[in-house]
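Visitor: starting from these lines, generate the structure:
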Amino acid sequence: MANKSLPAKDILETDVILIVKGAGEQAEDVHLNQFIRGFWPSVKSLDNRATIAQVTDELEDYRPSPHNEEGNTHKHLTEIHAKLPDPDDKNQRYLKKRIWVKESYWEPEVLPSSALGNLSKEWRMSSFVFANMFREIIFTRNTKTLRDLRQSEDPDQFRPGYAPGTRPRDYVGNYISYLILFLLVFLPFAPTFGSLLFLPTLISVPWLNGILLLSTVAAIWAIAPAIEISRMMYIRYKENTLGSLPGLPNWILFALIVMLIIDPLGYIRFVLVLLALQIALILSRRILWNYRIYANSDMDVAEYYSYEEQTMNGITKRIGKVDANWFTRFFLSPWLYRYFIFLTLPIAFVATILVRFLKWTRILGGLGEALDNLLQTALVGFMDDVVNFAMDPAQSHRVRSAVKQDIIYFHNRPDVKRIHVVAHSQGTPITYETLFQFLEEEYQEKIYTYVTIGSVLNYYYQARGILDEVYYERFPVSSAKKQNFHPEFKWMNFWNFTDPITEFYGLDEYTWFEQAPPKDQEYKRGRTSPTNIRSHSSLSKNHGEYWGNIGQINLPLAKRVLGDPRPEEWNPETVVGKVWHHIGVLGLSALLLLMFAGLSFGVYWLATSGYLKFLSDFFTAIQSSVQGVFNNYNALFSPKAGEEPSLVQKIATLAAGGPMKNLWQQIWIGSVAILAVWVVLDWLGQISRALNVGRK
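Guide: Below you'll find the model as predicted:
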């Protein structure tokens, strides 16, 4: 290496930024390039003399994973040289920095699997998360509860790195949860059940019959899973092992598939209503965001530097805030999203089976191949990475090892002073486990910044009870091992309202305190506690906007890497406490829910009542014109006895025919209509952008 010959005092101080990508089969350095597109302009805005280049001689002894067949061609670094003024130097001399940016590429560590296999694993995770959310809503373990458990003297209630033990009231909570779960899964399809089982003849009111029947069945059925899940939680906590994993039985999935096949229009209509309700909740939160009680996120999340509190003697003291209210977040928002995903998985199963049937047929084989490629991209290309890391211990170990190896390599270099980890989407659970659970203490001391963008950790936190048969707490709120990070270590998490991967909120569950009064004299946040910051929302780039978010992510990260430990962009000290906040959230949300529900049913009613007949007539006319053009083509180009007109004459006759003229006229009308809609939407977008200038 070039620096080996230099004396230690002359080694250029270097910071390393490791980029950890999300799910999907992307080539190496794709995400690194996305990061550079936002990070390099940020550095350049701070130092207009900064330079950037690719270097290869610095990684002569670097050994990529043996599974990365193309690793030898990617042994290079993006190197940036930049400066920042030294605030402690009166002569305003400059501090030099060398920044190395490298992608920690883990994709070769994942083995491919089938679409149906991935769907089965995803069903097990999603159904468990959906069922578990009800218990979390009824008997939530918010940060105040965790603080109280930590202060208690009962060792079975709180141990670092482990979930608190099962409380007696959890048994009741589990029963109520599974009762609600059963009704929510099957109640919307009560008429379908009634007609299927020929039960309307027993009672004069068919819909009442379905509700009574399902409620009775739910009350009886919920007893067994409630006892089972409660017992499993207790055994897992006490013995850290379990023979089988908890979750919903497969007959529920089969029943949903049957209802989808029997009444596809009604099933899809209900799923679309859930989608409309989710949009309504997001809009209501967006409108009321500036009037929230909690800063940065919905729940108890301390600021980057913590909150301010006026003490008795008039001295202002910064502390971490612990919530004192059970209503920490409008829980319907993430719950509706889980409900929506839960009901769309049967559609994915049916689509996969249908595509296989189409591929088997000769006539529709081409269509089946095209649809199969689309499903393979979604269910294999992306879902492979998620479910295999979550539920296959061997593959999760390989993936973590790729990231861990890079951290250890740069940690052992004497010229590297600090390491910054930037993880996107699926990369966040990979780096979370690597940093806080599997990285030895001696390799943690150079970890300076941990940035998570579009994190899927919310989902992994909810699903952690079903990830491994030999149980251990894979994604705990607190860490079971001692941490040895840099004294200025910070975890910054970014999310936005339109990103479904984050479930539309920050990593609220991961906030915890190592110390808290009255047991301790002051608050101390745990090292594994993130600071959540809501970033800009974008419908077109909802999950990828973070890479190009210069103002909130790239610029402050560049400042921090170049020597500013507390960039002002990461300190939004705005806590607005309005008494009517909850009333406003509930009231406006209810109004928007009714509006979107009415709009959804209204569109369906218009589509089926004939009031949108002009639209169907338009497409009918296009079909008629196309058929006429096809008939004229056959008449002109079919072989005939005798002298035939030339090819040019045939084309001219076809173009001058009535069906062709009608078709062109209809295409013109449709194009003008699309252009008009585009103009209106663009105008509304300009107005929206103008009104939101300067807003966070």
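Visitor: neighbours of Met133, how many?
Guide: Counted with other CB atoms under 10 Å, residues neighbouring Met133 total 20. In short, each C-beta sits where N, CA and C put it, glycine included.
Visitor: next one: Val421
Guide: Using other CB under 10 Å, Val421 has 26 neighbouring residues.
Visitor: one more: Ile279?
Guide: Neighbourhood size, Ile279 [other CB under 10 Å]: 16.
Visitor: and Val675, what element?
Guide: Careful, residue 675 is Leu and not Val. helix 658-691 (DSSP states H and E).
Visitor: can you give me the buried ones in that helix?
Guide: Pro659, Met660, Asn662, Leu663, Gln666 (16 or more other CB atoms under 10 Å).
Visitor: what strand or helix carries the closest residue to the last one other than its chain neighbours?
Guide: Yep, that's Gln666 we're talking about. Excluding the flanking residues, the one nearest Gln666 by CB to CB, 6 or more residues apart in numbering is Ile622, at 5.1 Å. When elements are assigned from DSSP H and E, Ile622 belongs to helix 613-637.
Visitor: that helix versus helix 658-691: what angle between them?
Guide: Following axes from the mean of the first three to the mean of the last three CA atoms, to 10 degrees, one obtains 140 degrees for the angle between helix 613-637 and helix 658-691.
Visitor: which other residues reach helix 613-637?
Guide: When contacts are defined by CB atoms under 8 Å, 6 or more residues apart in numbering, helix 613-637 is touched by residues 650, 653-654, 657-660, 662-663, 666-667, 669-670.
Visitor: does Arg398 touch Pro66 like I think?
Guide: No - under the criterion of CB atoms under 8 Å, Arg398 is not in contact with Pro66, lying 10.2 Å apart.
Visitor: which of the two has more residues huddled nearby?
Guide: Neighbour comparison, Arg398 and Pro66: the larger count goes to Arg398, with 19 against 8 (by other CB under 10 Å).
Visitor: packing partners for the helix or strand encompassing the more buried one?
Guide: Assigned by DSSP H and E, Arg398 belongs to helix 393-411. Here helix 393-411 touches strand 14-20, helix 383-391, strand 416-424, helix 427-433, going by 3 or more CB pairs under 8 Å, 6 or more residues apart in numbering; DSSP states H and E.
Visitor: for Ala131, which of the ones you listed is the nearest?
Guide: Closest of the helices and strands packed on helix 393-411 to Ala131 is helix 383-391, at 16.7 Å (criterion: CB to CB).
Visitor: tell me the mean pLDDT for that closest one?
Guide: Across helix 383-391, pLDDT averages out at 84.
Visitor: can you list the low-confidence ranges for the stretch 451-600 of the chain?
Guide: Filtered on pLDDT under 70, the stretch 451-600 of the chain yields the residue ranges 468-473, 478-480, 513, 515-523, 539-540, 572-589, 591-593, 595-597, 599-600.
Visitor: how about a cut-off of 80?
Guide: Scanning the stretch 451-600 of the chain for pLDDT under 80 picks out 464-473, 476-482, 508-509, 511-528, 537-542, 571-600.
Visitor: the helices in it, which residues?
Guide: Remark: helices assigned in the stretch 451-600 of the chain by DSSP state H, counting those that start in this stretch are 457-463, 555-561, 581-609.
Visitor: with the stretch 101-250 of the chain instead?
Guide: Under DSSP H, counting those that start in this stretch, the stretch 101-250 of the chain gives helices at 115-138, 143-151, 168-186, 190-196, 206-221, 223-239, 250-262.
Visitor: next: the stretch 251-400 of the chain.
Guide: 264-288, 332-360, 365-376, 383-391, 393-411.
Visitor: direction-wise, compare the fourth one with helix 393-411 and give the angle.
Guide: Put simply, helix 383-391 runs at 90 degrees to helix 393-411, going by the same axes, to 10 degrees.
Visitor: what angle do helix 383-391 and helix 332-360 make?
Guide: Going by the same axes, to 10 degrees, helix 383-391 makes 120 degrees with helix 332-360.
Visitor: what sits up against helix 383-391?
Guide: 22-24, 107, 110-113, 115, 118-119, 121-122, 124-125, 395-396, 399, 426, 429-430, 456, 460, 463, 467-468.
Visitor: and the protein, what are its domains?
Guide: 11-112+392-570, 141-248, 621-691 (automatic domain parsing).
Visitor: average pLDDT for the last one, rounded please.
Guide: Rounded to a whole number, the mean pLDDT of domain 621-691 is 77.
Visitor: make 674 the first number, not 1, from now on.
Guide: Okay, residue one is now 674; in that scheme the one you just asked about reads as domain 1294-1364.
Visitor: picking that back up, what residues does the helix holding Arg1071 touch?
Guide: Outside helix 1066-1084, the residues within contact range by CB under 8 Å, 6+ apart are 689, 691, 693, 735-736, 738, 740-741, 773, 775, 777-779, 781-784, 1061-1063, 1089, 1092, 1094, 1103-1104, 1106-1107, 1111-1112, 1116, 1118-1120, 1141.
Visitor: quick revisit: I'd like the next helix or strand past the helix holding Ile1295.
Guide: Counting by DSSP H and E, what follows helix 1286-1310 is helix 1320-1329.
Visitor: so which bits of that next one are buried?
Guide: Lys1323, Leu1327.
Visitor: same question for stretch 929-949.
Guide: Leu929, Ile930, Met932, Leu933, Asp936, Tyr940, Phe943, Val944, Val946, Leu947, Leu948, Ala949.
Visitor: mind putting those into a markdown table with pLDDT and distance to Glu1187?
Guide: What follows is the buried residues of stretch 929-949, written out as a markdown table (pLDDT from 0 to 100; distance: CB to CB, whole Å):
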| residue | pLDDT | distance to Glu1187 |
| --- | --- | --- |
| Leu929 | 87 | 44 |
| Ile930 | 86 | 48 |
| Met932 | 83 | 49 |
| Leu933 | 86 | 49 |
| Asp936 | 80 | 53 |
| Tyr940 | 86 | 48 |
| Phe943 | 85 | 46 |
| Val944 | 87 | 43 |
| Val946 | 80 | 44 |
| Leu947 | 83 | 40 |
| Leu948 | 83 | 41 |
| Ala949 | 79 | 43 |
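Visitor: which of the residues you listed sits closest to Ile709?
Guide: Taking those together and measuring to Ile709 by CB to CB, the closest member is Leu948, at 35.7 Å.
Visitor: returning to what we had before: next, give me the two most distant ones among the buried residues of stretch 929-949.
Guide: So, the buried residues of stretch 929-949 by CB to CB: farthest apart are Ile930 and Ala949, at 23.6 Å.
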